[in-house]
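In: The amino acid sequence is not available; the structure is as follows:
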């Protein structure tokens, strides 16, 4: 679901196809496909979403911390789902 990071991030696609879209709402029509070898530079605080639309992918993510993650809609954050360890 749409989220952002305070730090700049660089995604390098290692294998598969990486789909990423920009915006505050998930919209599959905004997904852009990036093949292996592609490099995507995402400035900090840019709302985005990604999806394994065509199967598995591997990306290398580079950033300089401290790292952060904020969901555009806090109800999409799995950390707020109330899961407990059993």
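Out: Arrived safely. All figures in this text were calculated on a predicted structure; none of them were measured in a lab.

In: Looking at the chain, which strand is longest?
Out: strand 9-15 (DSSP state E).

In: helices or strands next to it in the packing?
Out: strand 39-42, strand 58-62 (3 or more CB pairs under 8 Å, 6 or more residues apart in numbering; DSSP states H and E). Quick note: C-beta positions are derived from backbone N, CA and C, even for glycine.

In: will you turn these into JSON lines that also has mean neighbour count and distance to residue 71?
Out: Formatted as JSON lines, the helices and strands packed on strand 9-15 follow (neighbours: other CB atoms under 10 Å; distance: least, CB to CB, whole Å):
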{"stretch": "strand 39-42", "mean neighbour count": "14", "distance to residue 71": "16"}
{"stretch": "strand 58-62", "mean neighbour count": "13", "distance to residue 71": "17"}
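
In: want to throw those into TSV with distance to residue 33 and mean pLDDT?
Out: Shown next, in TSV, are those (distance: least, CB to CB, whole Å; pLDDT from 0 to 100):
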stretch	distance to residue 33	mean pLDDT
strand 39-42	11	97
strand 58-62	13	95
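
In: Any idea which of the ones you listed gets closest to residue 3?
Out: Closest of those to residue 3 is strand 39-42, at 11.2 Å (criterion: CB to CB).

In: Which pLDDT value belongs to residue 85?
Out: With respect to pLDDT, residue 85 scores 53.

In: Let me know the average pLDDT across stretch 13-30.
Out: Per-residue scores along stretch 13-30 average to 96.

In: now the end-to-end length of it.
Out: One end of stretch 13-30 to the other measures 18 Å (CA to CA, to the nearest Å).

In: buried set for that stretch?
Out: Under the neighbour-count criterion of 16 or more other CB atoms under 10 Å, stretch 13-30 has 13, 16-21 buried.
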